[in-house]
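Student: no sequence on this one, just coordinates:
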């Protein structure tokens, strides 16, 4: 595998501005259409349910494109995939600008949804190209772009449609997209960090099908009915495809989603927080809009028109942009774990307060802004935590999964709000609106979600998986990764060790990067350049090994061989201490599952591969029927466990 030549250095500020503007435009593409939804049935001569596909199509295509393009970015170049995503979204804008037929407009919106992949790819570019001290600010701004665009979109759409034809929203995003595509091509360097292997097409197809089914059920459940056959079929089908996809990914070399990395405790906790914060963020937007526009007779509404309500939502978007530099400084001073905790605590307090302090316009807007500030702080910390918990070569795909799970959270919030509104709606002043009790219940539900995020975040404070970027040496003097090395982990017989973790350190012990072996034992890691390195190889059930390697111009490491298998061994004796020949030895889990069986030799000894860490029961049965059992705790090393048998069975 070759590594691209070092690109010409670019201004860090210019890189951050370009990527952030790309994120804002992509977000605008998603939200500019929302104020038009009540008008589209008349404009397109269709039903409201059919017109809603203009929103659903973007959600589904974005969910499919995000993990796919993120993985392609890690493999074939992040700038390249950034240009592809921008180009496809521009094509969608062009198609929408000249179309009047609903099928073409749905296709246009689906093409625009591909641009959602820009955010994780942009974050990965920042990790590769920015100096270490600029990464927190860049990541914070990039994370905030989705919310900034969401806040700007409604008032901007109102202004455009009031003075221009509604197709102008497509012309606007298309023209701005072309300008940004040109700028990105000129400003952004191509990444030097790429993974090897071939693209997992099978995994991409299956995951896309599963996500489409699940998100279709979430987005259409309120219209179809949550217990209707189409909704239930969508959820069951999505779950069934995921059940097939998961074991296939574990056996696939270079999988679309590296589940071994994604299921590490640190990554799972951060992604869990992402879902819950995404839920609370979108609920804030939906509930605030409802309170602004509901008639005053509802007891909580302010009776504001759609355009004015859009303007009053703008302060929340501004809060995201203003908070990003503050959040970046917090990450540098107190760390991303505590920053995430501060954001989730702020959101929880704000939601609880909104139940009691939502009596006038100032309180409603202030409550929304405070929730947005907490969300911005939390969102800023999430990518940093992900990047510290995954190898450098997995940056884009890991952040792609994280952004996708945020989208799952927002989709779940939309479904929950729609379900509560439809179940509790009453007619007030000629409008169907939910009662104040439903609004309060959703505030409490959102507070519960952020409490869940706090609970998920708390264990990360004690975890060491989040190695600070400054402590990693897989970068040059500017903080940018330079070279990617790859290799294989094998046994003495040459068989791949699929669960191995390879850690690369400098000669004086400073961490560089790490990689996880795939189903063929292959791994990749980023290093700053040729030189002497320490390589620590470890795998469940094997004696770890450390070796010193000199890496020169060849990026392929020699095979890393694990020779000594950890074992569980011991001697089975009878009641008088004599070894028992031919005894059946059985190892079971405390939960009941059988792990392995063997027989003792002529000297009464047994030996089996050491199982995974945990608590077990060791049992033995002698040929004459004598039996015995004892508990066994297995940790990281080999164990020697003897067992004395009792009297024979009657």
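Tutor: Sure, I can see it. Owing to the predicted nature of the structure, the values given are computational and were not obtained by experimental measurement. Residues are numbered from 1 along each chain as shown.
Student: how about the closest residue in space to residue 330 that isn't next to it in sequence, secondary structure?
Tutor: Of all residues beyond its chain neighbours, the one nearest residue 330 is residue 339 (4.5 Å), with distances taken as C-beta to C-beta, 6 or more residues apart in numbering. No exception for glycine: its C-beta is placed from N, CA and C like everyone else's. What DSSP: H, G, I helix; E, B strand; the rest coil gives for residue 339 is helix.
Student: what about residue 339, how many neighbours?
Tutor: 28 (other C-beta atoms under 10 Å).
Student: so where's the chain shaky on pLDDT?
Tutor: Along the chain, the parts satisfying pLDDT under 70 run over 1-10, 464-482, 553-554, 647-650.
Student: isn't the residue nearest to residue 330 right next to residue 380, touching?
Tutor: Yes - the pair residue 339 and residue 380 passes the contact test of C-beta atoms under 8 Å, sitting 6.9 Å apart.
Student: the spatially most central residue of the chain sits in which helix or strand?
Tutor: Geometric centre of the chain, nearest residue: residue 402, 1.6 Å, by C-alpha atoms, centre = their mean. Assigned by DSSP states H and E, residue 402 falls within helix 395-424.
Student: buried sites along that helix?
Tutor: 395-418, 420-421 (16 or more other C-beta atoms under 10 Å).
Student: again, but for stretch 44-64
Tutor: So for stretch 44-64, counting by 16+ other C-beta under 10 Å, buried means 44, 51-64.
Student: that stretch: end-to-end distance?
Tutor: 27 Å (C-alpha to C-alpha, to the nearest Å).
Student: show residues contacting it.
Tutor: Here stretch 44-64 makes contact (C-beta atoms under 8 Å, 6 or more residues apart in numbering) with 29-30, 33-34, 37-38, 40-41, 100, 102, 105-107, 109-117, 208, 211-212, 215-216, 219-220, 223, 404, 407, 411.
Student: drop anything exposed from those residues.
Tutor: Burial by neighbour count, 16+ other C-beta under 10 Å: within the contacts of stretch 44-64 this picks out 29-30, 33-34, 40, 102, 105-107, 109-117, 208, 211-212, 215-216, 219-220, 404, 407, 411.
Student: for residue 107, what are phi and psi?
Tutor: For residue 107, the backbone dihedrals (degrees, to the nearest 10) come out as phi -60, psi -40.
Student: got it, and residue 632?
Tutor: The phi and psi values for residue 632, taken as degrees, to the nearest 10, are phi -140, psi 130.
Student: now the residue nearest to residue 361 when sequence neighbours are not counted: how far from residue 278?
Tutor: Using C-beta to C-beta, 6+ apart and skipping residues adjacent in sequence, the residue nearest residue 361 is residue 302, 5.7 Å away. The gap separating residue 302 from residue 278 is 26 Å, by C-beta to C-beta, to the nearest Å.
Student: of those two, who's got more company?
Tutor: residue 278 (29 against 20).
Student: work out the gap between the host helix or strand of residue 82 and the centre of the chain.
Tutor: According to DSSP H and E, residue 82 maps onto helix 78-97. In terms of C-alpha atoms, centre = their mean, to the nearest Å, the centre of helix 78-97 is set 23 Å apart from its chain centre.
Student: now swap in stretch 356-368 and tell me
Tutor: From the chain centre to the centre of stretch 356-368 is a distance of 32 Å (C-alpha atoms, centre = their mean).
Student: domain parsing for this protein?
Tutor: For the chain, automatic domain parsing gives the domain ranges 1-199, 472-562, 567-644.
Student: return the most buried member of those domains.
Tutor: Mean neighbours per residue, mean count of other C-beta atoms under 10 Å, is largest over these for domain 1-199, with a mean of 21.
Student: secondary structure class for residue 629?
Tutor: strand.
Student: tell me who's in contact with residue 537.
Tutor: With the criterion set at C-beta under 8 Å, 6+ apart, residue 537 makes contact with 489, 500-503, 544-547, 560, 562.
Student: relative to residue 520, how far out is it?
Tutor: For residue 537 relative to residue 520 (C-beta to C-beta), the value is 16 Å.
Student: and if you look at residue 384?
Tutor: 31 Å.
Student: show me which of the buried residues of stretch 44-64 is closest to residue 359.
Tutor: Using C-beta to C-beta, the shortest approach to residue 359 within the buried residues of stretch 44-64 belongs to residue 55, at 31.7 Å.
Student: element containing that closest one, please.
Tutor: Using DSSP H and E, residue 55 falls within helix 53-76.
Student: report the angle between that helix and helix 395-424.
Tutor: Relative orientation of helix 53-76 and helix 395-424, computed by axes from the mean of the first three to the mean of the last three C-alpha atoms, to 10 degrees: 160 degrees.
Student: now the closest residue to residue 23 other than its chain neighbours: how far from residue 329?
Tutor: Of all residues beyond its chain neighbours, the one nearest residue 23 is residue 145 (2.9 Å), with distances taken as C-beta to C-beta, 6+ apart. From residue 145 over to residue 329 the distance is 19 Å, taken as C-beta to C-beta.
Student: what does residue 594 give?
Tutor: Counting by C-beta to C-beta - residue 594 and residue 329 are separated by 55 Å.
Student: who's in contact with the residue nearest to residue 330?
Tutor: Going by C-beta under 8 Å, 6+ apart, residue 339 touches 327, 330-331, 377-378, 380-381.
Student: okay, and which of those residues map to helices?
Tutor: Using DSSP state H, the subset of the contacts of residue 339 located in helices is 327, 330-331, 377-378, 380-381.
Student: return the member of these nearest to residue 370.
Tutor: The closest of those to residue 370 turns out to be residue 377 (C-beta to C-beta; 11.0 Å).
Student: in terms of helices and strands, where is the spatially closest residue to the closest one that is not a sequence neighbour?
Tutor: Of all residues not flanking residue 377 in the chain, residue 343 sits nearest, at 3.3 Å (C-beta to C-beta, 6+ apart). For residue 343, the host element (DSSP H and E) is helix 336-356.
Student: circling back to that earlier point, okay if I get the domains of the chain as JSON lines plus distance to residue 258?
Tutor: As requested, the domains of the chain are exported to JSON lines (distance: least, C-beta to C-beta, whole Å):
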{"stretch": "domain 1-199", "distance to residue 258": "9"}
{"stretch": "domain 472-562", "distance to residue 258": "7"}
{"stretch": "domain 567-644", "distance to residue 258": "20"}
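Student: does the residue located most distally from the centre of the chain belong to a helix, a strand or coil?
Tutor: For the chain, the largest distance from the centre (C-alpha atoms, centre = their mean) belongs to residue 576, which lies 59.2 Å off. Using three-state DSSP, the structure places residue 576 in coil.
Student: and stretch 530-542, how far out from the chain middle?
Tutor: Centroid separation for stretch 530-542 versus its chain: 27 Å, with C-alpha atoms, centre = their mean.
Student: again, but for stretch 577-590
Tutor: Relative to the chain's own centre, stretch 577-590 is displaced by 46 Å; criterion: C-alpha atoms, centre = their mean.
Student: what do you get for stretch 102-113?
Tutor: 26 Å.
Student: who's in contact with it?
Tutor: Counting by C-beta under 8 Å, 6+ apart, 29-30, 33, 44, 46, 50-51, 53-55, 57-62, 65, 88-89, 91-93, 95-96, 99, 170, 173 sit against stretch 102-113.
Student: how about residue 497, what does it touch?
Tutor: 489-491, 517, 521, 539, 542, 562.
Student: switch to 6 Å and redo it
Tutor: Contacts for residue 497 (C-beta atoms under 6 Å, 6 or more residues apart in numbering) come out as 489, 521, 539, 562.
Student: just residue 309 next, same as before
Tutor: Per C-beta under 6 Å, 6+ apart, neighbours of residue 309: 289, 292-293.
Student: if we only consider those, which is nearest to residue 201?
Tutor: Among the contacts of residue 309, and counting by C-beta to C-beta, the member closest to residue 201 is residue 289, at 40.5 Å.
Student: what's the spacing between the closest residue to residue 391 other than its chain neighbours and residue 400?
Tutor: Among residues not flanking residue 391 along the chain, residue 515 sits closest, at 5.0 Å (C-beta to C-beta, 6+ apart). Distance, residue 515 to residue 400, by C-beta to C-beta: 18 Å.
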